[in-house]
Each structure stands twice: as C-alpha cells, then as structure tokens.
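> one predicted model, sequence on top.
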Amino acid sequence: MELGKLSPNAGSTKNTKRRGRGEGSGLGVTAGRGHKGYGSRGGSKKRAWFEGGQMPIQRRLPKFGFTNIYKKVSQVVNVETLNVFDEGTEVTPELLYEKRMIRKKSVPVKLLGNGEMEKKLTIKVHAVSESARKKIEKAGGSIEIL
C-alpha cells in the first residue's frame, strides 16, 4: 500500500468542483448554466413534469372519462323473478314493465340464469344467457328472441 495510490470508497465523497469561482476552476463566468434562458437565471427549477416547451402530457390528455358509443345497454331480469307469473303465461317486455321488473320499455331486455325456474312459461325477450335458456327449457318453457 502506498500513500499516493489511496482513494476514498465509492460514493463517500461529493463533487469538489466549486462553481462560479473564476476561469481557472473550469466553471467560471456562467458557472455551468450556459448563456441566457430560463435555466441560467436565479430561482429557476426544472419541474419533474417539464417537457422542454412541448405541450405537457397533463394538458394533452382528456380530464374525464369517455362514452363508448358502441356499448350495448340492456335491462337485466333473472330467471328466479319470473316465478311470480302463473303457469303458461306469455312474458313480454310490456308485462315485465307493468310488474315493475324493468324500468323502461324502450331499452332491450336480457334474461339471466340466476336462480331456479319452477313454472312453464313462454318468454319473449331481446337476449338470453345460455344458463337461463337451459333452465327454462328444463322447466318445459320456451323462449322467443324479439
């Protein structure tokens, strides 16, 4: 080991260059800030979101959600709720509206297979899930797609 070859451990010392202390320091005159502009002046800070004058991403992106114009909206009715009707009844969206099982006549109705079907019914709706179809046919009923 020789005294001339000693060096501090990695990361234990900071940069010793003193800025703005004359030409001989290598960082005199402008102190490494360059000529003119925002960064050369006192109080200037480069914010984390600054993009060099480009339109910032927080201004380029929309601020709220969007509406999917292709979304299919339907009113859901489960198989178990149809057990209130008498055996052999023809269930239509108008009848479901009268019984307050759906809120609007104009929106399509989809039948889902939650629960058990106990009665034989003829059902006319716009869409049916596979499990609902099996339960209705198992009970002896039939489905018609509008």
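Ah, there it is.
> excluding chain neighbours, what is closest to residue 29?
Distance criterion CB to CB, 6 or more residues apart in numbering; nearest residue to residue 29, sequence neighbours excluded, is residue 23 at 6.9 Å. Where you see a C-beta, it was placed from the backbone N, CA and C, and this is true even at glycine.
> mind checking the end-to-end distance for stretch 53-64?
Stretch 53-64 has its terminal residues 24 Å apart, counting by CA to CA, to the nearest Å.
> coming back round to it: confidence score at the residue nearest to residue 29?
Per-residue confidence at residue 23 stands at 90 (pLDDT).
> what about it, neighbour count?
8 (other CB atoms under 10 Å).
> next one: residue 28
Neighbours of residue 28 under the rule other CB under 10 Å: 14.
> ok, now residue 121?
Other residues within reach of residue 121, judged by other CB under 10 Å, total 22.
> A helix includes residue 83, no?
Yes. Counting by DSSP: H, G, I helix; E, B strand; the rest coil, residue 83 is located in a helix.
> any idea of the pLDDT on the spatially closest residue to it that is not a sequence neighbour?
Spatial nearest neighbour of residue 83, chain neighbours left out: residue 118 (5.1 Å); criterion: CB to CB, 6+ apart. For residue 118, the pLDDT comes out at 86.
> is residue 118 in a helix, a strand, or coil?
In three-state terms, and counting by three-state DSSP, residue 118 is coil.
> quick check: it vs residue 40, distance?
83 Å (CB to CB, to the nearest Å).
> quick one: the residue of the chain most remote from its centre from residue 141, how far?
Residue farthest from the centre of the chain, counting by CA atoms, centre = their mean, is residue 2 at 63.5 Å. For residue 2, the distance to residue 141 equals 98 Å [CB to CB].
> distance of the residue most central in space within the chain from residue 72?
Residue closest to the mean C-alpha point of the chain, counted by CA atoms, centre = their mean, is residue 65 at 8.5 Å. Distance, residue 65 to residue 72, by CB to CB: 18 Å.
> swap in residue 92?
Shown here: residue 92 relative to residue 72, a distance of 20 Å by CB to CB.
> and this structure, what are its domain boundaries?
20-63, 75-145 (automatic domain parsing).
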